[in-house]
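In: quick one: sequence plus predicted model below, questions after.
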Amino acid sequence: MGLAQVWSVALYGVDGIAVEIEADVGAGQPRTHLLGLPDAALHESKERVKAAVRNSDEEWPKQRIVLGLSPANLPKGGSSYDLAIAAATLAAAGTVPADRLPTTVLLGELALDGRVRPVRGVLPSLLAARRAGLTTAIVPVDALPEAALVDGMTLHGAQTLAEALAWLRGDTEHLHPAPPLADHPAPEAPDLADVVGQPEARWALEVAAAGAHHLLLTGPPGTGKTMLAERLPGLLPPLTRQDSLAVTAVHSVAGVLSADTPLVATPPFVNVHHTTSIAALIGGGSGMAKPGAASRAHKGVLFLDEACEFGQKTIDTLRTTLEEGEVRIPRRDGIARYPARFQLILATNPCPCAPPKEIDCICTPTARRRYQAKLSGPLLDRVDLRVRMRATTAMANAEASPPEPTAVVRARVLKARQRAAARWSAHGHNWPSNALVPGPALRKEFALPRPTTALLDRALAIGALTGRGADRCLRVAWTLADLAEADSPTHDHVAAALQFRERRAL
């Protein structure tokens, strides 16, 4: 009879919990019992592990095997427990020593021939293991670049189960070491100089980048709405180390992380098709929900092209996410939480027929209203900037001066962001952008003189603006002041912010 303990990790969203796998090998009918609320994929691991052990020239115990996954009341799923289950079983049977197991976490799916296959969520799993006090990790070789992002752990990569078992027996040569972290050059972003004309939209894009504001672009096809949206990430500052790890963890769980550049160091850009379902947009799926496009765009840009073609229920699911910066999806097995602090860029045509010239529109007033109603009032109330784009003309192609490139505009954006961050931090706050400043702080701690906000008061009095809309106008006004290098917004800045909001974009 023997007993052994091994560690693995259960993921719930991007939050990980260390799972202790206990193996008891004793007298009884040769049978394997798996306890601890396993799902179907984990329940099948018994047969996968048994075949992998036999095909690795090891002997599977011909006794009664009981495998307990603790905490026992926590649902567990996936195939990442295979390697840990194999090590626990063989250690309990006395085939391999258990000396190195108490401080080691093992992650990996086993193929029937003993190969260790990569799994999702290695980065958040190792972060959870480090918090639990584990100091060593064995992961699939393909996941080593991602695992190397975690500091303070000794990392080993296993290509086969035999290599992992050899390490447990004291062999230090077969496992693969973690590669050194390499600085990968940021991918070249599209240049803003490619966009012809559209001075109002270009200015709105700069304001959106400087304050992390949401933006709605409306205009006929071919006016450059998509081109402008694609150039917004190039105007944003690079991600901090903490933000990079948070974004990388989401991409790891979603299974979209690149093996060549495991660390996401630039703001992501996620373009969502209008046929996207609710589950694909905010997350979902059977069992524990997977991250959707909103979470993959965390700390970056979520672009909804042809926004009025989306189902209203689908696009309205973003309303709570825009306010809270987080997606919470309740399931039977628990609540999956994914970060989703992104900039929303909406692009739409003014009507279903969308002619190059508005005078040529053949849509009835009812059809236009029905089309525009796809963007509900509560959703539009959360969009700070609304711009009506003009059709490109021959005059726009012959501008007196060439349009500004991304590098020039980005320099102004970074300077405005630095001014904002310095201002808020000087008052003891940690708001990275103007868009995240709470409304009560704008109205009390950073209240503007009454003559400066007279236009907002008038708009509130006649019902043209909501309380949320007034707060968002104040945030845009602070961003305009930062771009103008002013100490605080003036009456003109507030008027411009209100004009961005009141301008009929639909």
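Out: Ah, there it is.
In: all contacts plus neighbour counts: C-alpha atoms, from now on.
Out: Fine.
In: okay, and the helix or strand of this protein with the least pLDDT?
Out: Ranked by mean pLDDT, DSSP states H and E, the weakest helix or strand in the chain is helix 394-397, scoring a mean of 50.
In: can you pull out the helices in the stretch 201-350 of the chain?
Out: 225-231, 241-254, 278-282, 293-296, 312-316, 318-324 (DSSP state H, counting those that start in this stretch).
In: deepest of those, which one?
Out: helix 293-296 (a mean of 28; mean count of other C-alpha atoms under 10 Å).
In: mean confidence for that one?
Out: Mean pLDDT, helix 293-296: 95.
In: host element of Asp171?
Out: Assigned by DSSP states H and E, Asp171 falls within no helix or strand.
In: count the residues that sit near it.
Out: If you count neighbours by other C-alpha atoms under 10 Å, Asp171 ends up with 12.
In: cool, and Thr276?
Out: 14.
In: next up, the contacts around it.
Out: Phe310 (C-alpha atoms under 8 Å, 6 or more residues apart in numbering).
In: at 10 Å instead, please
Out: Thr276 is in contact with Ala293, Phe310, Gly311, Thr314, Ile315, counting by C-alpha atoms under 10 Å, 6 or more residues apart in numbering.
In: am I right that Asp142 is in a strand?
Out: No: going by DSSP: H, G, I helix; E, B strand; the rest coil, the assignment for Asp142 is helix, not a strand.
In: OK, contacts around it?
Out: Val116, Arg117, Pro118, Val119, Gly157, Ala158, Gln159, Ala259.
In: tell me the first helix or strand C-terminal of the longest helix anywhere in the chain.
Out: Counting residues, the longest helix found in the chain (DSSP state H) is helix 406-426. Under the assignment DSSP H and E, the closest C-terminal helix or strand after helix 406-426 is helix 439-443.
In: can you give the contact residues for the helix or strand just after that next one?
Out: Using DSSP H and E, the helix or strand that follows helix 439-443 in sequence is helix 454-461. Helix 454-461 is contacted by residues 450-451, 463-467, 469-471, 473-474, 491, 494-495, 497-498, 502 when judged by C-alpha under 10 Å, 6+ apart.
In: swap the cut-off to 6 Å and go again
Out: Outside helix 454-461, the residues within contact range by C-alpha atoms under 6 Å, 6 or more residues apart in numbering are Leu465.
In: and that helix, what's buried?
Out: Leu456, Ala459 (16 or more other C-alpha atoms under 10 Å).
In: ok, now stretch 201-215?
Out: 201-202, 204-215.
In: likewise stretch 325-341?
Out: Counting neighbours by 16+ other C-alpha under 10 Å, stretch 325-341 gives Gly325, Glu326, Val327, Arg328, Ile329, Ala336, Arg337, Tyr338, Pro339, Ala340, Arg341 as buried.
In: what sits closest to the fourth one if chain neighbours are left out?
Out: Leaving aside its sequence neighbours, Arg328 sits nearest to Arg337 (C-alpha to C-alpha, 6 or more residues apart in numbering; 4.7 Å).
In: OK, contacts around that neighbour?
Out: Here Arg337 is in contact with Gly13, Val327, Arg328 (criterion: C-alpha under 6 Å, 6+ apart).
In: that one and Lys290, how far apart?
Out: Arg337 sits 10 Å away from Lys290 when distances are taken as C-alpha to C-alpha, to the nearest Å.
In: repeat that for Arg319.
Out: Distance, Arg319 to Lys290, by C-alpha to C-alpha: 19 Å.
In: also Thr136?
Out: 27 Å.
In: higher neighbour count, those two?
Out: Neighbour totals were compared for Thr136 and Lys290, and Lys290 leads with 24 against 20 (other C-alpha under 10 Å).
In: isn't that one right up against Ile282?
Out: No: applying C-alpha atoms under 6 Å as the test, Lys290 and Ile282 come out as separate, 9.0 Å apart.
In: wait, which of the buried residues of stretch 201-215 is closest to Ala91?
Out: Closest approach between the buried residues of stretch 201-215 and Ala91, by C-alpha to C-alpha: Ala212, at 53.2 Å.
In: not counting its neighbours along the chain, what's nearest the closest one?
Out: Nearest residue to Ala212 in three dimensions, chain neighbours excluded: Ala435, at 5.6 Å (C-alpha to C-alpha, 6+ apart).
In: tally of neighbours for that neighbour?
Out: Neighbours of Ala435 (other C-alpha under 10 Å): 23.
In: ok, Thr452 next?
Out: By other C-alpha under 10 Å, neighbour count at Thr452 equals 17.
In: so where's the chain uncertain?
Out: 1, 182-186, 287, 333, 392-401, 502-506 (pLDDT under 70).
In: 80 instead, please
Out: 1, 172-174, 180-188, 259-260, 285-289, 331-334, 354, 356-360, 391-402, 502-506 (pLDDT under 80).
In: Glu173 belongs to a strand?
Out: No: counting by three-state DSSP, Glu173 is not found in a strand; it is coil.
In: for it, give its distance to Val383.
Out: 57 Å.
In: so which of these two has more stuff around it?
Out: Higher neighbour count among Glu173 and Val383: Val383, with 20 against 10, using other C-alpha under 10 Å.
In: excluding covalently adjacent residues, which one is nearest to that one?
Out: Val383 sits nearest to His214 (C-alpha to C-alpha, 6+ apart), 5.0 Å away.
In: which ones are touching the one you found?
Out: So, once contact is read as C-alpha under 6 Å, 6+ apart, His214 ends up touching Gln343, Leu344, Ile345, Val383, Asp384.
In: so which of the contacts of Arg337 sit within strands?
Out: Among those, DSSP state E puts Val327, Arg328 in strands.
In: can you redo the contacts of Arg337 as JSON lines with distance to Asp142?
Out: Output for the contacts of Arg337, formatted as JSON lines (distance: C-alpha to C-alpha, whole Å):
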{"residue": "Gly13", "distance to Asp142": "22"}
{"residue": "Val327", "distance to Asp142": "29"}
{"residue": "Arg328", "distance to Asp142": "30"}
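In: now do the strands in the stretch 101-250 of the chain.
Out: 104-106, 109-110, 116-117, 136-140, 154-158, 176-177, 215-218 (DSSP state E, counting those that start in this stretch).
In: do you know which of those strands lies nearest Gln418?
Out: strand 215-218 (21.4 Å).
In: what does that closest one contact?
Out: Ile345, Leu346, Ala347, Thr348, Asn349, Val383, Leu385, Arg386, Val387, Arg388, Met389, Ala505.
In: mind redoing it with 8 Å?
Out: In contact with strand 215-218 (C-alpha under 8 Å, 6+ apart) are residues 201, 204-205, 208, 225, 344-350, 383-389, 505-506.
In: in strands, which of the residues you listed appear?
Out: Per DSSP E, the contacts of strand 215-218 map to strands at Leu344, Ile345, Leu346, Ala347, Thr348, Leu385, Arg386, Val387, Arg388.
In: the first one and Val301 touch, don't they?
Out: Yes: at 6.1 Å, Leu344 counts as touching Val301 under the criterion of C-alpha atoms under 8 Å.
In: can you redo the buried residues of stretch 325-341 as a markdown table with distance to Leu34?
Out: Output for the buried residues of stretch 325-341, formatted as a markdown table (distance: C-alpha to C-alpha, whole Å):
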| residue | distance to Leu34 |
| --- | --- |
| Gly325 | 38 |
| Glu326 | 34 |
| Val327 | 32 |
| Arg328 | 30 |
| Ile329 | 28 |
| Ala336 | 24 |
| Arg337 | 28 |
| Tyr338 | 29 |
| Pro339 | 33 |
| Ala340 | 36 |
| Arg341 | 39 |
